[in-house]
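Undergrad: coordinates for the following, if possible.
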Amino acid sequence: MRRTKKKLLLAAINSGAEAYGIDLISANGPGIAIQTNGLEITPLEGEELERELDDGKNGNKQMMMVGMHVKMTGNVELTGSGAATTPVPFAPIMQVAGFSATPDVAKVAYSRLTDNSEPDGTFYFHQDGAIHKLLGARGTIGTSLKVGEIPRMSFEITGLYGGVVAGGIPAADFSAWQTPEKVGHDKTTFKLDGVEYKMYEFEHNENNEVAYDENTVEERIYLTDWKPDGQFVIEAPDVSEFDPFPIARANTLMSMDVIHGTAAGKIFELSTAKIQLGKPTYTDREGKVCYTLPFRVIQDVAMVSK
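TA: Sure thing, here's the model as predicted:
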């Protein structure tokens, strides 16, 4: 019997020295173990092309499966790497979503790549006895921080179909993965235009447009565009301190910062110099008036671990 819970994700990133779409794990080594939760796979994604045969009979006709590729979704816990200048262990997820990972003397910066240099990756999805291979993979990411819960980064990754082979689950090294810290008053800070507010929920998604493309020469996975957005819930302060309705009506741009963690090696930050608020609404939180504020990102998100 094959068991549902026995699954594991391995990743390898193309440094730029390899051709697009090769099996990087087979070529270069065992891959990096990604500690996920909620990991799911769509083993075959594509179209069913109806042949519509005229054979003198009613009923179904044969079809052809075309443009086959693979899609995978899941989450990782959002935390630092344990060392301020070491990239987070889930950096491969961020890299195939179009972010660089650049260490300096005090931190690691994750910045949006805008020069068409997004790396591709190889992912092995182990499901108790079967290995699904995603080649030339790229994807999109999002973040979720809710008070009293574990912060997470979600991902959706699309890859070329690399086949399914039999194989056991290898021993995974998760030593680089830090124990997460819950979102709350002592670990999390949320700011708009440099002013801290009482935040209850924060969600953002990069909304990368990930396209499978096939022509007469090759097939590839592309990142064609991105339109990040999200929403947050904050306690409503006095109107004299913060009134989101005229801000939204005036199309005012604001900076936004979310900082989680306080100790070196466990800090993760997300910031942007420009967001635009959507239509604010009221919500209730334990009898307190709160705002639910949708936003769109106007200047690309930057992330930091330190």
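Undergrad: C-alpha from now on. contacts and neighbour counts both.
TA: Will do.
Undergrad: what pairs with residue 212 across the strands?
TA: Taking DSSP bridges, one finds residue 221 as the beta-bridge partners of residue 212.
Undergrad: contacting residues around it?
TA: Shown in contact with residue 212 (Cα atoms under 8 Å, 6 or more residues apart in numbering): 67, 69, 219, 220, 221, 222.
Undergrad: ChimeraX command to pick out the buried ones of these?
TA: Burial among the contacts of residue 212 is assessed by 16 or more other Cα atoms under 10 Å; the matching ChimeraX selection reads:
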select :67,69,220,221,222
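Undergrad: closest one of the contacts of residue 212 to residue 103?
TA: residue 222 (26.1 Å; Cα to Cα).
Undergrad: quick one: the closest one and residue 211 touch, right?
TA: Yes. Between residue 222 and residue 211 there is a contact under Cα atoms under 8 Å: 5.1 Å.
Undergrad: rewinding a little: could the contacts of residue 212 go into CSV alongside pLDDT and distance to residue 160?
TA: Formatted as CSV, the contacts of residue 212 follow (pLDDT from 0 to 100; distance: Cα to Cα, whole Å):
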residue, pLDDT, distance to residue 160
67, 95, 9
69, 98, 5
219, 98, 8
220, 98, 7
221, 98, 7
222, 98, 11
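Undergrad: what strands flank the helix or strand harbouring residue 76, and is each parallel or antiparallel?
TA: Using DSSP states H and E, residue 76 sits in strand 63-77. Partner strands and pairing direction for strand 63-77 (DSSP bridges) are strand 36-50 (antiparallel), strand 152-167 (antiparallel).
Undergrad: phi, psi for the spatially most central residue of the chain please.
TA: By Cα atoms, centre = their mean, the mean C-alpha position of the chain lies nearest to residue 141, the distance being 1.8 Å. For residue 141, the backbone dihedrals (degrees, to the nearest 10) come out as phi -140, psi 160.
Undergrad: do the same with the one 5 residues further on
TA: According to degrees, to the nearest 10, the main-chain angles of residue 146 amount to phi -130, psi 130.
Undergrad: from the chain's centroid, how far away is the next helix or strand along the chain from the strand holding residue 76?
TA: Counting by DSSP H and E, the next helix or strand C-terminal to strand 63-77 is helix 91-95. For helix 91-95, the separation from the chain centroid amounts to 8 Å (computed by Cα atoms, centre = their mean, to the nearest Å).
Undergrad: strands paired with whatever helix or strand comes next after helix 91-95, and their directions?
TA: Where DSSP H and E defines the elements, the next helix or strand beyond helix 91-95 is strand 99-103. Paired strands of strand 99-103, with direction, are strand 108-112 (antiparallel) (DSSP bridges).
Undergrad: output the partner strand as PDB, restricted to C-alpha atoms.
TA: Only the C-alpha atoms of strand 108-112 are listed here, as PDB (Å, rounded to 0.1, in the frame of the first residue of the first chain):
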ATOM      1  CA  VAL A 108      20.100  38.500   2.100                       C
ATOM      2  CA  ALA A 109      18.100  40.600  -0.300                       C
ATOM      3  CA  TYR A 110      15.500  39.000  -2.600                       C
ATOM      4  CA  SER A 111      14.700  41.300  -5.500                       C
ATOM      5  CA  ARG A 112      12.400  41.000  -8.500                       C
END
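Undergrad: so for it, mean pLDDT?
TA: Strand 108-112 comes out with an average pLDDT of 98.
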